[in-house]
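Chemist: Generate a structure from the sequence data that follows.
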Amino acid sequence: ACELAVERVIEKNPDWRSIQVGFIALGKNGDHGGFCIAPGFNYAIRTPDEGNRLLESGSRI
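Modeler: Here you go, the predicted structure:
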């Protein structure tokens, strides 16, 4: 879902290389994911088993 949203932003913005957009998706069962245009977008999660974690999202470039 996040990757599709980033692709839509890129399609609608001819100057997409000069912007950064990132999305985070969360599921009811604890699934999570993120995706952005350029590297460097991260997000934090907390789980009972692993505590706090900072994760790097995937990126288009």
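
Chemist: What pairs with the stretch of helix or strand residue 35 belongs to, parallel or antiparallel?
Modeler: Taking DSSP states H and E as the definition, residue 35 sits inside strand 32-36. In the sheet, strand 32-36 lines up against strand 22-26 (antiparallel), strand 58-59 (parallel) (DSSP bridges).

Chemist: Buried residues of it, list them for me.
Modeler: 33-36 (16 or more other Cβ atoms under 10 Å). Placement of C-beta: from N, CA and C, glycine included.

Chemist: now do stretch 18-31
Modeler: Quick answer for stretch 18-31 (16+ other Cβ under 10 Å): 21-24.

Chemist: neighbours of residue 15, just the number please.
Modeler: 6 (other Cβ atoms under 10 Å).

Chemist: Then residue 2?
Modeler: Every residue meeting other Cβ under 10 Å relative to residue 2 is counted, giving 17.

Chemist: got a pLDDT number for it?
Modeler: At residue 2, the model reports a pLDDT of 96.

Chemist: I'd say it and residue 60 touch.
Modeler: No: counting by Cβ atoms under 8 Å, residue 2 does not reach residue 60; the two are 10.8 Å apart.

Chemist: if I look at the two, which residues touch both of them?
Modeler: Taking Cβ atoms under 8 Å, 6 or more residues apart in numbering as the contact rule, residue 2 and residue 60 both touch residue 35.

Chemist: How about residue 59: what's its closest non-neighbour residue?
Modeler: The shortest distance from residue 59 to any residue other than its chain neighbours is 4.6 Å, reached at residue 39 (Cβ to Cβ, 6 or more residues apart in numbering).

Chemist: So the one you found lies in a strand, does it not?
Modeler: No: Residue 39: not assigned to a strand; according to DSSP: H, G, I helix; E, B strand; the rest coil it is coil.

Chemist: any idea how far residue 29 is from it?
Modeler: Look at residue 39 and residue 29: by Cβ to Cβ, to the nearest Å, they are 28 Å apart.

Chemist: shouldn't residue 5 be in contact with residue 35?
Modeler: Yes: between residue 5 and residue 35 there is a contact under Cβ under 8 Å: 7.5 Å.
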